[in-house]
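Q: Could you work out the structure for the sequence below:
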Amino acid sequence: MSLTLPDYVRDDIQRNVAFALEEDIRDGDITAQLIDADSESTATIITREDAVMCGAPWANEVFQQLGGVDLEWHAAEGDRLAADTILCTLKGNTRNILTGERTALNFLQTLMGTATTARQYADAVAGSNVTILDTRKTLPGLRAAQKYAVLCGGCQNHRIGLYDAFLIKENHVAACGGITAAIERARALAPEKKIIVEVETLEELQEATKLRPDQIMLDNFHPEMLNTIGQMNVASALEVSGNLTVKDAHALPDTRTWYLSSGALTKHVRATDLSLRLSL
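A: Here you go, the predicted model:
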């Protein structure tokens, strides 16, 4: 699978890694100092379980910042990997390999875990007219990284943050004085930005439909109601949130395309079991 790094990711990698290394090393890796400064080694990173590859740019940046270590990748971002697959070979300064080991593996295990979860969701809706979206329920500081991992796993991104699209939810509606007022203010404030509005009843859906926002989020609608909505003439994209799992996705009416957003893609992630093995 070939995947170009989105702009929102590229800018974050260097600072993600710099912070992670500073957090781990502080004023020096005292254990690595037990090893001769000019020692050279080769190491491999393997996955101990089936997983989806993700996170090479972060691991590369770890050893770029430390220096003295070259990486050769044997798997591409988005590849499905079997247990015991070698992801990468590292060659260079032994101290720096061991100093960067945990930071590199932390990024890889978290992003591979996210990508693997996303792939399970994408597989679950394969052949249907449903696209899975992520949410902003990400690990603090790793928003861009996890959003990228979701793409590696075959799902799609919702908005990246509070800055790139309006998401008008119930509290915004209440504070603005209604759906119509909120959408009109959004268009006046930033007409070039995408507008997504959350609705909780058919009446709210009908009001939003007349204003034709880019996307309408159907919050906790029962499957029977979704069947009715699927027959309605709604020009906006429709997103289902809550009260529906990927197991139910194939039951959605095939009269249109649906989006299903799930915070579980990023907030319930389980790290992939990885290992770095050193040979002198």
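
Q: Check which residues of the biggest helix by length in the chain are buried.
A: The residue-count maximum for a helix in the chain (DSSP state H) belongs to helix 94-124. Across helix 94-124, burial judged by 16 or more other Cβ atoms under 10 Å covers 94-101, 103-122. Yep, even glycine has a C-beta here, placed from its N, CA and C like the rest.

Q: in the stretch 1-150 of the chain, which spans are helices?
A: 7-25, 56-66, 94-124, 143-152 (DSSP state H, counting those that start in this stretch).

Q: Oh, that last question was meant for the stretch 151-280 of the chain, not what I typed.
A: Using DSSP H, counting those that start in this stretch, helices in the stretch 151-280 of the chain cover 170-176, 179-189, 202-211, 223-230, 264-267.

Q: how about CSV for the helices of the stretch 1-150 of the chain, with mean pLDDT and distance to L274 added?
A: As requested, the helices of the stretch 1-150 of the chain are exported to CSV (pLDDT from 0 to 100; distance: least, Cβ to Cβ, whole Å):
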stretch, mean pLDDT, distance to L274
helix 7-25, 94, 16
helix 56-66, 98, 10
helix 94-124, 97, 5
helix 143-152, 97, 14
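
Q: Can you say which of those is nearest to V199?
A: V199 lies closest to helix 94-124 among the helices of the stretch 1-150 of the chain, at 23.8 Å (Cβ to Cβ).

Q: so how far is that closest one from its chain's centroid?
A: When C-alpha coordinates are averaged (Cα atoms, centre = their mean, to the nearest Å), helix 94-124 and its chain have centres 12 Å apart.

Q: burial of D219, as a residue count?
A: As a burial measure, D219 scores 17 neighbours (other Cβ atoms under 10 Å).

Q: likewise the one 3 residues further on?
A: The criterion is other Cβ under 10 Å. On that basis, H222 has 10 neighbouring residues.

Q: who's in contact with it?
A: Going by Cβ atoms under 8 Å, 6 or more residues apart in numbering, H222 touches N243.

Q: can you tell me how far the spatially most central residue of the chain sits from C176?
A: Central residue of the chain (Cα atoms, centre = their mean): K147, 2.5 Å from the mean position. Separation of K147 from C176 (Cβ to Cβ, to the nearest Å): 28 Å.

Q: got it, and E203?
A: 17 Å.

Q: Same drill for these two, tell me which one is more crowded.
A: C176 (16 against 10).

Q: P213 versus that one, what's the distance?
A: Following Cβ to Cβ, the distance that separates C176 from P213 is 14 Å.
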